[in-house]
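*Asks:* I need the structure of the sequence given here:
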Amino acid sequence: MTSARSVRPSGAEDEVGRTNLFKYVLRRPIAQEHVSMTDDGLVAVQLKKPFRDGTVSVEMDPLSLVSWFGASVLME
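*Replies:* Now for the predicted structure:
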């Protein structure tokens, strides 16, 4: 994993550790309050920090958003 989370070999008996790992893996990739639908059916994702060019949100169709999530998971 690329985050600060880790699994020790004895983790099978560690109920708290296993529960925390499941919560981390099953969390939403983007906070719900950062996602909205536009009038024309696109999904707008508000960025945490603006890009260098001043972009504060990205709009894409729902299928592209799902594809983007899939690609980011496969890269790790």
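*Asks:* distance from stretch 44-53 to the middle of the chain?
*Replies:* Relative to its parent chain, stretch 44-53 has a centroid offset of 15 Å by Cα atoms, centre = their mean, to the nearest Å.
*Asks:* what comes up buried for that stretch?
*Replies:* For stretch 44-53, a neighbour-count test (16 or more other Cβ atoms under 10 Å) marks Val45 as buried. Heads up, the C-betas are built off the backbone N, CA and C, glycines and all.
*Asks:* ends of it, how far apart?
*Replies:* In stretch 44-53, first residue to last residue: 18 Å (Cα to Cα, to the nearest Å).
*Asks:* which residues touch it?
*Replies:* By Cβ atoms under 8 Å, 6 or more residues apart in numbering, the list of residues contacting stretch 44-53 from outside reads 30, 34-38, 55-60, 65.
*Asks:* mean confidence (pLDDT) on it, please.
*Replies:* For stretch 44-53, the mean per-residue pLDDT is 92.
*Asks:* next SSE downstream of the host helix or strand of Val16?
*Replies:* Per DSSP states H and E: Val16 is located in helix 15-25. Beyond helix 15-25 in the direction of the C-terminus, DSSP H and E gives the next helix or strand as strand 35-37.
*Asks:* mind listing what's buried in that following strand?
*Replies:* Buried residues in strand 35-37 (16+ other Cβ under 10 Å): none.
*Asks:* distance of the most centrally placed residue in the chain relative to Asn20?
*Replies:* Central residue of the chain (Cα atoms, centre = their mean): Pro29, 1.7 Å from the mean position. Separation of Pro29 from Asn20 (Cβ to Cβ, to the nearest Å): 18 Å.
*Asks:* Met60 now?
*Replies:* Taken as Cβ to Cβ, the span from Met60 to Asn20 is 32 Å.
*Asks:* I figured the residue nearest to the centre of the chain hits Trp68, correct?
*Replies:* No: counting by Cβ atoms under 8 Å, Pro29 sits too far from Trp68 to count as a contact (9.6 Å).
*Asks:* circling back to that earlier point, neighbour-wise, which one of the contacts of stretch 44-53 leads?
*Replies:* Leu65 (17 neighbours; other Cβ atoms under 10 Å).
*Asks:* that residue: what's it in contact with?
*Replies:* Contacts of Leu65 (Cβ under 8 Å, 6+ apart): Val43, Val45.
*Asks:* nothing else from me, thank you.
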